[in-house]
Structure formats: C-alpha cells, structure tokens
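Colleague: Need coordinates for the below:
(one chain, ligands or ions: 1)
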Amino acid sequence: MDVFKLLSRTSKATPAPSSQKLPSSGAVANPQLFGRDAAEGPHANARKSRKRKRGQDKTDLPAELPVALDFFGGASQPAQHTEKPTQKGRGQGTKSEQHQDGALETASPEDMEESAAEEDYDEDERKRILRAHKLKIVILEDYKVQEIDSRDRGKEKKKRKKDKVEKIERDAKAKKKERKKEKKQLFPRPLTDFAQLRTAYGISPRLAENIKEQGYKVPTEVQLGALPLLLSKRRDGGRSEISSTNGHDSADTDVGGDFDLLTVAPTGSGKTIAFLIPIINSLLSEEKASSNAKGPRAVIIAPTKELASQIVNEARKLARGTGIKATLMRKGVEVVKRPEEDIEDDVDTLGTSSEEDRSASDSEAGKRTAKKPKGRRRRADVVKAAILVATPLALLNALKQQGGEVSQLPSIRHLVLDEADVLLDPLFCEQTLAIWTACTSPLLRVGLWSATMGSNIEDLTMQTLNSRWTSLASSATESLPPRHPLIRLVVGLRDTAIPNITHKLIYAATEQGKLLGLRQLLHPTATASSETTPWLLPPFLIFTQTIPRAIALHSELLYDIPPEAGGSSRIAVLHADLSSSAREAIMTRFRRGEIWVLITTDLLARGVDFRGLNGVVNYDVPNSAAAYVHRVGRTGRAGREGGVAVTFYTKEDIPYIKNVANVIRASENLRGTKSGDGEGEVGGGESIKGWLLDALPTPTKREKQMLKKRGVEARRRVKDDGGKGTMRISTKSGYDRRRDNNLQGAKSASRGRVDGGAGPRAGKVDMGSESDFEGFGE
Ligand SMILES: Nc1ncnc2c1ncn2[C@@H]1O[C@H](COP(=O)(O)OP(=O)(O)OP(=O)(O)O)[C@@H](O)[C@H]1O
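Modeller: Coordinates of the predicted model:
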C-alpha cells in the first residue's frame, strides 16, 4: 500500500451537516478568531452581571429561507453580519455584548456611550488584551533613530583617526543588527467596541453611522489593533496613546497616526474596513481644510478586478453621505490631466482583463506585459473621486505618457497595497513599484495588507521606502518633513490558515481518482457513511491550476447537478479569459446563490469575499503554502464556523504536498488541537500526524520556486502528455459519457443476445454508476 494514502485515512470524517453549523447559516455574533473569552475593559464585569435577555440570539431570527439554502446569510440585507440594526436590542441605539457561548446581552444607548467614553486601559491591561487576541505590533524600522545614528557617526568619524573609522562602522552595524533583533513592541489602546471610534478617536459622525449601519459591532483582531494606531493623533506636548515595550511614552514611540504600516492578518478578518475607515476619516478632515481639492488623494491597489470592485463597494458603503467618492479605475479614464498633444492610447490596453492572468495559476498569461500605448484617442474623463481603486496594470497604463514616462501623482496621501505580497511578487512588482514611485508626496503614508507576508516583502518595503526617500531628498527644493517609522502588525501566526475551518487532505492517486472524489462531494448521500469523505454543501469553490483545466472540469461536471435542483445553471466557471461583463455576471449570480458550484483558477483565491461559502475544493494542489492559505480563506470568513477545505492530491503532487500539510498542521495547532490524541477543541481532529509529515519529502528551494511559477509541470501538459492522458480532465460531460457508455452497453448486450452469449453487461445498464466512467484521462 502506498504510505501516502494514509494521509487521507488519518483525517477524521467531517460531521454531517445536521450536527454542524455552516458558514451559509449566517453571520456569527462575534467575528473574532482569538481571545473571545478575554473579558475586556473596566466595564466587563458589570456587563457580565447584567441579565441576558432571551430571544436575542441570532439563531432566533425568523429565517426567510431554509438554513441550508440561505447560502449567503440573507445577502439582500445590508446588515447581515450581525443583528438587524433597526430591531430593538440588535444594533442601532443598543449595545450587544458577546459572551463565550455566543449569546448576546444588551445595554442601553446611554450605557454604550458612557462605557465607550470611559473605556481606558492601563498598560498591563492593554498588553493583556492585545496578547489574548494574538496581536503583535512592532516598529520594524525607525528612520528617526537611524538618522540620529548616522549624524553621530559622521561626527565621530571627523573626530577620530582613520584607523578607528572601521571600528566605528563595525559598531554601527552591530548596533543596527541588535536593534533589528529587539524590535520595539508597541501596545496601542485596543479598540474593543466600534462606539469608541467616535468617543475616543472623534471620527466623523456620518462615518460612525455608516459603520453601525453595516451591522459591525465587535471589532475583529486586526481592527482592534490597527484602527487605534491609524486613527490616533500625535498629541503635541502630550503623552502618546501608544506605549512601547519599555513603557516609555517617549518621542520615539509616539507614532500616533504617522507611520507606514505593514499588516499581516488572517483571511476574512476584516482588513478592508481596517484600512478604509482611517482613509475616509482622514479625507474628511482634509476636506474641511481644503474643500476645493479635487481628484484622487487615496489610491488602493488590488491584484484583480473582482477584488478592486469589491473594495469600491465597501468604500462606498462606508462613505455614504459624506461627500467622499470612491471609484474603480476603468477603461479610457485618466488619472492626471495631460496636455492635448500627449493624449494617445490604444483604449484596448487600458484595464485589460488579462491582468489577473498574471497570477500564478494562469501564469502563461504572465508573459504579457504592459502594452505600449499606440494610436490617438479623444480626451477622456479625469477621475474626480477622492479614492481610486485599481489593478496595477490598469492604473499604470493610465499614467503612462508618450515615450513610456509615468506621470506623477503628487496629490496622493494614502497608498494601500491590498494583497501586498502578491503585488510585490515578481509578476506585479514592476508595475506596483512604478505606481508607488509616482506618488511623490513626502507626506505619503503606505499601507501593505495581506494574510501572508514573507520576510522578503518586508525587506523590499524597507528598500523601497529608503530609495524613495533618497530620491525625494535629492529633488526637494525645501526641507522635507521628518521621516516616519515603519510599523508591522501581525495577528495570530503568520502565513497560517484560519483556525475555524476543517481541512481534508485526500490522496486520490490519479486524475481519475480526483474526479471520483469530487463527484462524491457533489453527491454526498451516496457516501454518507464513508470515514474519509467530507460533507460539503454548496455553495463552494473549486480551484484548478490553469484555465484550460477549469474549463475542462466545468464541461465534465456540467450535468452532475440534477435538473430538479437547477441542473447545469448551478455550476459555472470563472477565469481571466472571460470578458469583464461575463465575469461580473457570474460573480453576481454566485453571490445571489443562483450558482452553487463555481470552478475557477487562482483568480478568485485572494481577497474576494463570499460570506456564506461552505467550502473550498483544491482540485489541483495550490502552488505554494501562501496560495493554500488564501484559497481556503474564502470560507470561514468573519469568524464563521463549519467551513471545509478539501485538497486532492495525486502521486505527482507528493514532492510538494508537505507545504500544504505544514499549513494545515499549524492551523490546527492554532485551533487548540491537542497534539497526539486526535481530539480538537472545536470539533476538529489532528488530521496530519507528525510521523507522516516526517515521511513526506521536503521540497527544495528550487522546486518550490518552480512550483510557484509554473504549478505542477505535468498538469500543464493538458494535451501533450505522451498519449497517456493521465493529466487530462475529459472535456465530455459526465452525462454525455454515461449516455454514450449506456448506448455502448445496450449495443453490446443486444449483440450478446444475438450471439446467444451473456457478456458482463448483458441486459444490464447501470445508469450513473461510477464504474461505467471510461472517459477519465482518455
Ligand atoms: N467587525 C466585523 N464584524 C462582522 N463582520 C465583519 C467585521 N469586519 C469585517 N466583517 C466582514 O468580514 C468579511 C471579510 O472581510 P474582508 O473582506 O475585509 O476580509 P480580509 O481580511 O480582507 O480577507 P482576505 O485576506 O481574504 O482579503 C466581510 O464580509 C466583512 O463585511
């Protein structure tokens, strides 16, 4: 027996849906992943003693749809995250408290304002809360200290003789190294209630109202840490709201609101509003100072059009009624006004839909580069919105002038790189850095956000900040403002999948095995008793390695959903080769719950928020550990329990599967799984045994790089696989093949009768039997 088969055997069967809470059954009252039971604030005990009101739990809400069908938890209602804000005790005007058991208790509006205003924490309390929520905030690079160092070094050099200079340099290097090792940790006052945004940070009342209308009440970990950091103002002459490791509120730790931020926080943890709220608030205060300011002052870059348009929607909801506008970079729109003679472009090159193809999954398209503009066109509209959201290529194309020079964007004060690690990955890096460099304001503040961030990204960020500053200094006509630090905020364990989902790693041996396994997921009743088959109710996503494989798998499964349940309209494929309008239409239908199974590539692996998604199937193993974290992070969002991530692997994947197995194990450890006994705290199990992890080969650095770049090589040869076709997904639908097989069977049976013999199929047609499939890997 193949030892690797055991990997799937050791995985516990996922509980049947009846006993399981699913992501599609609606929002959870508390979206936090860690430290939920850490009673917070001086009022925590008082609140605890209040009597819990009956019938306040979300589960008591009248359901419009049967739970199993309400995939998106009432997607039509804006306040779907928590309770309806208009209902008494469920939002607006009331404060709800989340207890360990998920029940809610309420407080009066007066209580809420009062407690939020009073809520302050001493240093120990801040530390305790931040640690309970697994938040770590450090100053990565403090340029102010560096500048003082280099000034001192200059003075020393002059004073001492030449032979001592070397020693000074050595000491300086050692000092720098030491500082890097002992990064100064910060303990900002945690945001434990959204009401504090108004009472403690004075955000615009309209913005506060919009947050409330979204139904957000309990801040997630990343919001708990990042919002106070980004909203706090440096208090001149006063004490900082942020204390540092050594407890000194000295000038060098008083970073209030003035720094660049690199944030690593789990998928679905609400990073989008964590960067949008401070931007909108800052734009609103700037607006008062210079109400005539026009054009974008904040740029948000995202790797795909789907994610960019989702961010625009979120921004519009938060900025409703404030006068701040958010817009998506569209074809033919300009960001800076250009002189008439410079207006030229090939409209087709703007916002090209193929940009997302540059993601690892569709990497053949990665060869495409920003096309040079050609031909003349008429003057286009100039973006007037304050917040511009774009994919890197679309924005760069709009900024390119005749001769390839990139126009500058001196008015941009906020630059956000959402999914920063992929934006700074070789595929997008050139474009992203060109945009970053084009933002020439010395007051620019950069935010880099992702669920995964390698140390190479940190290094690249520091390098970019340094080189940008050097070039600003060399071209500045007046003195530059002092440099601000770079801060890093990490929630939980870096590069780990969220702990609230169940992982299943299934050995399928061959491509045929994977198809069989997938069909078992689609028809779970047939295998209800199986120990190794997880339950996976729609809606779910299926990821493949390449576009042709996604298309082929879609054709294969087209008729697998019975007509009574909606048939082929329930299953769709989405990839970067489709037109923008087709992509938008599919996204809308999937969000509405009309499509149940969506087959896609890594195009949808990052950032895209389908709230009630019950699971993710990695039909093809992801190209890296980070890709796994992002793909599976499409389920279990905002703290929802019950999401399932199924990964099929074959013999070809074995050299690389350790990456995935390690991520699963780390995520299960995070969840509180006790090592060795197989029993988890949250109904999970230790699905990857230590000895099996040891048995798996560790991929070399080169293998990892190649995998990231190209995926499993054998799988790319869809047609050219030496005639064996082992990597091929049949493009004939299962239904058509069954019909052909049955026809074949009927013919041979009738031949058998004529011949007087009785072949194996004589007189018997097994409709739908998996053993009748002959098309796998044909
Ligand atoms: N405080 C909150 N309470 C409840 N729901 C929230 C809260 N904050 C955000 N959400 C919801 O959580 C979901 C995920 O948020 P978001 O898309 O910002 O996650 P993310 O951290 O950017 O994830 P990814 O890393 O996958 O991009 C969204 O549906 C959002 O509306």
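Colleague: Next up, phi/psi of Ala497, please.
Modeller: The phi/psi pair for Ala497 (degrees, to the nearest 10) reads phi -70, psi 150.
Colleague: again with Thr600
Modeller: phi -150, psi 180.
Colleague: which parts of the stretch 101-250 of the chain sit against the ligand?
Modeller: 216, 218-220, 223 (C-beta under 6 Å from any ligand atom). (Glycine included, C-beta is placed from N, CA and C.)
Colleague: Go again with 5 Å.
Modeller: Near the ligand, the residues belonging to the stretch 101-250 of the chain are 216, 220 when assessed by C-beta under 5 Å from any ligand atom.
Colleague: All the strands of the stretch 101-250 of the chain, in order from the start?
Modeller: Counting by DSSP state E, counting those that start in this stretch, the stretch 101-250 of the chain forms strands over residues 104-107, 135-141, 184-188, 242-244, given from the N-terminal end onward.
Colleague: And the ones you listed, which one averages the lowest pLDDT?
Modeller: Across those, strand 104-107 has the smallest mean pLDDT, namely a mean of 38.
Colleague: just the strands in the stretch 401-550 of the chain please.
Modeller: Under DSSP E, counting those that start in this stretch, the stretch 401-550 of the chain gives strands at 414-418, 445-450, 486-491, 501-509, 540-543.
Colleague: Rebuild those as CSV, extending it with mean pLDDT and distance to Met462.
Modeller: Formatted as CSV, the strands of the stretch 401-550 of the chain follow (pLDDT from 0 to 100; distance: least, C-beta to C-beta, whole Å):
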stretch, mean pLDDT, distance to Met462
strand 414-418, 98, 14
strand 445-450, 97, 11
strand 486-491, 95, 7
strand 501-509, 92, 33
strand 540-543, 96, 33
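Colleague: Now render these as JSON lines, adding mean neighbour count.
Modeller: Formatted as JSON lines, these follow (neighbours: other C-beta atoms under 10 Å):
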{"stretch": "strand 414-418", "mean neighbour count": "24"}
{"stretch": "strand 445-450", "mean neighbour count": "24"}
{"stretch": "strand 486-491", "mean neighbour count": "23"}
{"stretch": "strand 501-509", "mean neighbour count": "25"}
{"stretch": "strand 540-543", "mean neighbour count": "26"}
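Colleague: residues in contact with the residue of the stretch 601-750 of the chain found nearest the ligand?
Modeller: The nearest approach of the stretch 601-750 of the chain to the ligand comes at Ala638, 3.4 Å away (C-beta to the nearest ligand atom). Remark: with contacts taken as C-beta atoms under 8 Å, 6 or more residues apart in numbering, Ala638 is in contact with 27-28, 31, 81, 220, 268-270, 611.
Colleague: Which of the residues you listed sits closest to the ligand?
Modeller: Of all these, the one with the least separation from the ligand (C-beta to the nearest ligand atom) is Gly270, at 2.8 Å.
Colleague: Apart from its chain neighbours, what residue comes closest to the closest one?
Modeller: Take Gly270 and drop its neighbours on the chain: the residue closest to it by C-beta to C-beta, 6 or more residues apart in numbering is Thr220, 4.2 Å away.
Colleague: Just give the number of residues close to that neighbour.
Modeller: The local packing of Thr220 (other C-beta atoms under 10 Å) involves 26 other residues.
Colleague: and what of Cys429?
Modeller: Using other C-beta under 10 Å, the number of residues around Cys429 comes to 15.
Colleague: re earlier: include distance to the ligand when you put the strands of the stretch 401-550 of the chain into a markdown table, please.
Modeller: Formatted as a markdown table, these follow (distance: least, C-beta to the nearest ligand atom, whole Å):
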| stretch | distance to the ligand |
| --- | --- |
| strand 414-418 | 7 |
| strand 445-450 | 7 |
| strand 486-491 | 9 |
| strand 501-509 | 13 |
| strand 540-543 | 13 |
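Colleague: closest to Leu399 out of those?
Modeller: If you check each of these against Leu399 by C-beta to C-beta, strand 414-418 wins as the nearest, at 13.3 Å.
Colleague: Now do the closest one against strand 445-450: the angle between them, please.
Modeller: Relative orientation of strand 414-418 and strand 445-450, computed by axes from the mean of the first three to the mean of the last three C-alpha atoms, to 10 degrees: 10 degrees.
Colleague: Please name every helix or strand in contact with strand 414-418.
Modeller: helix 271-289, strand 298-301, helix 426-438, strand 445-450 (3 or more C-beta pairs under 8 Å, 6 or more residues apart in numbering; DSSP states H and E).
Colleague: Of the contacts of Ala638, which count as buried by neighbour count?
Modeller: Restricting the contacts of Ala638 to buried positions leaves 27-28, 31, 81, 220, 268-270, 611, with burial counted as 16 or more other C-beta atoms under 10 Å.
Colleague: My reading is that Val617 lies in a strand. Confirm?
Modeller: Yes. The assignment for Val617, made by DSSP: H, G, I helix; E, B strand; the rest coil, places it in a strand.
Colleague: That one: what's it in contact with?
Modeller: Contact partners of Val617, counting by C-beta under 8 Å, 6+ apart, are 518, 521, 536, 540-543, 645-648.
Colleague: Next: Asn281.
Modeller: When the contact criterion is C-beta under 8 Å, 6+ apart, the partners of Asn281 are 201, 203-204, 207, 231.
Colleague: Then Asp425?
Modeller: For Asp425, the set of contacting residues under the criterion of C-beta under 8 Å, 6+ apart is empty.
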